[in-house]
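>>> just to be clear, the model below is a prediction. Sequence and coordinates:
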Amino acid sequence: MSEHHTGLEFRWGILGTGGIATAFARDLLYLNNHIVAAVGSRSITSAQDWSMEFPGCRAYGSYQELVNDPNIDAIYVATPHTFHAAHSILALGAGKPVLCEKPFAVNAPEARSMRDTAQSSDVALMEAMWTRYLPHISKVREILAAGTIGTIIAVEADHGQRLADFANPRHWEPELGGGALLDLGIYPISFAHLVLGVPQKITARASFTDKGVDAQTTAIFSYKSGAQAILSTTLSAQTANRATITGELGRIEIDSVFYSPTSLRLVMHDGPITEYPGGYQGHGLREEAEYFSQLIQRGEKESSLLSLDETIQIMESLDEIRRQIGLIYPSEK
């Protein structure tokens, strides 16, 4: 914590000025003690334009200046996938805790180097997989922990968006880690890891865009227990975006959009149905911010809801899917 202000306020430095940076900063406005204190961009103009929406937000024309600001409690890394490792390492090296957008990195070796830097710098690092921190996922964890649905047989989850309507280069360009898998597929894959852990075997198939990134990918995860997860993602069309966890005694159905604040139900094999309605206000990005600030204030270095080891295991699953479908990014060649 900085000496320059009371421990009541938590001051964020936002690294990057894209859509997710704006969504995150806007969602913080629901929390009365989280401040958008500064933003960094590669150009001062871009930083100044972005900062206009947030009174008191300082604008920096370089990422280095941002991470060096002594009045910042943590850095939120919101640049495209291929920059996550370098920008997180930059901030960690400056002694700043980092909340890094998903996917955490482009591959597991990058993710491990980020973890190593956090450990050697002795600062907190957490993947911004915001779903893990949402109220409806807490309810899912609770039902699973109680053994209510018995032995898990199957998980199904899909995430498809019609991104062809948006010409955002980070979705399409190989140089920016484009494709469905890293941007959208991360959600069903992280969800399967939450429920069933590390798969014993992965089988994956994909179809590709004319730029050579995956347009659609489906993976089957098989587990030692005999359970299977069927996970699919596409950037060509809007899919149902639901998730189901099926056990011998019943199932949990999570409504669209499963990775956002939403409703769910518990459907028991012998008939009873329990509804857990939604009603959440806002985007849902603030829960991870609140959790991260509390973690830092307790002097902890990583999340107990998504450890760095688990983040790396998820990255290894993504790496194995990419190996099977033949998706290699320029930065890896």
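Good, I have the coordinates.
>>> please make it C-alpha for all contacts and neighbour counts, starting now.
Will do.
>>> I'd say L182 and A105 touch.
No. At 9.1 Å, L182 does not count as touching A105 under the criterion of C-alpha atoms under 8 Å.
>>> between those two, who's got more neighbours?
Set L182 next to A105 and count neighbours by other C-alpha atoms under 10 Å: A105 wins out with 28 against 25.
>>> my guess is the more buried one contacts A85. True?
Yes. The pair formed by A105 and A85 meets the contact definition of C-alpha under 8 Å, at 5.7 Å.
>>> overlap in contacts of the two?
A111 (C-alpha atoms under 8 Å, 6 or more residues apart in numbering).
>>> how about the helices in this structure?
Under the criterion DSSP state H, the chain contains helices at 19-28, 44-51, 63-68, 84-93, 108-121, 135-145, 169-172, 180, 186-196, 286-297, 308-325.
>>> can I get those helices in CSV with mean neighbour count, mean pLDDT and distance to F10?
Supplementary listing: these in CSV, determined by neighbours: other C-alpha atoms under 10 Å; pLDDT from 0 to 100; distance: least, C-alpha to C-alpha, whole Å:
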stretch, mean neighbour count, mean pLDDT, distance to F10
helix 19-28, 18, 97, 10
helix 44-51, 18, 98, 17
helix 63-68, 20, 98, 15
helix 84-93, 22, 98, 17
helix 108-121, 18, 98, 20
helix 135-145, 16, 98, 22
helix 169-172, 19, 90, 30
helix 180, 27, 97, 34
helix 186-196, 23, 98, 28
helix 286-297, 19, 97, 7
helix 308-325, 20, 98, 23
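>>> how about a markdown table for these, with distance to E101 added?
Putting the helices of the chain into a markdown table (distance: least, C-alpha to C-alpha, whole Å) gives the following:
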| stretch | distance to E101 |
| --- | --- |
| helix 19-28 | 9 |
| helix 44-51 | 18 |
| helix 63-68 | 16 |
| helix 84-93 | 8 |
| helix 108-121 | 12 |
| helix 135-145 | 19 |
| helix 169-172 | 14 |
| helix 180 | 16 |
| helix 186-196 | 11 |
| helix 286-297 | 11 |
| helix 308-325 | 12 |
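>>> out of the ones you listed, flag the one nearest T262.
helix 135-145 (6.6 Å; C-alpha to C-alpha).
>>> C-alpha coordinates for that closest one, CSV please?
Extracted in CSV, the C-alpha atoms of helix 135-145 (Å, rounded to 0.1, in the frame of the first residue of the first chain):
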residue,chain,number,x,y,z
PRO,A,135,-22.3,-14.8,-6.8
HIS,A,136,-23.8,-17.5,-9.0
ILE,A,137,-20.5,-19.4,-9.2
SER,A,138,-20.2,-19.3,-5.4
LYS,A,139,-23.6,-21.0,-5.4
VAL,A,140,-22.3,-23.6,-7.9
ARG,A,141,-19.2,-24.3,-5.7
GLU,A,142,-21.5,-24.6,-2.6
ILE,A,143,-23.8,-27.2,-4.3
LEU,A,144,-20.8,-29.2,-5.6
ALA,A,145,-19.0,-29.1,-2.2
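>>> can you tell me the closest non-neighbouring residue to G279?
T262 (7.6 Å; C-alpha to C-alpha, 6 or more residues apart in numbering).
>>> my guess is that neighbour meets Q281, correct?
No. T262 is not in contact with Q281 according to C-alpha under 8 Å; the separation is 10.4 Å.
>>> and the nearest residue to P277 once chain neighbours are set aside, how far from R112?
The shortest distance from P277 to any non-neighbouring residue, by C-alpha to C-alpha, 6+ apart, is to S263 (4.5 Å). From S263 across to R112, the span is 35 Å (C-alpha to C-alpha, to the nearest Å).
>>> ok, the residue nearest to P277 to G150 distance?
According to C-alpha to C-alpha, S263 stands 21 Å off from G150.
>>> repeat for Q294
33 Å.
>>> between S263 and G150, which one's more packed in?
Using other C-alpha under 10 Å as the criterion, S263 and G150 rank with S263 on top: 19 against 16.
>>> list the contacts of the more buried one.
S263 neighbours (C-alpha under 8 Å, 6+ apart): 136, 254-255, 275-278.
>>> against G185, how distant is it?
Separation of S263 from G185 (C-alpha to C-alpha): 21 Å.
>>> which non-adjacent residue is nearest R265?
Leaving aside its chain neighbours, R265 sits nearest to E275 (4.5 Å; criterion: C-alpha to C-alpha, 6+ apart).
>>> what sits against the one you found?
So E275 contacts 263-266 (C-alpha under 8 Å, 6+ apart).
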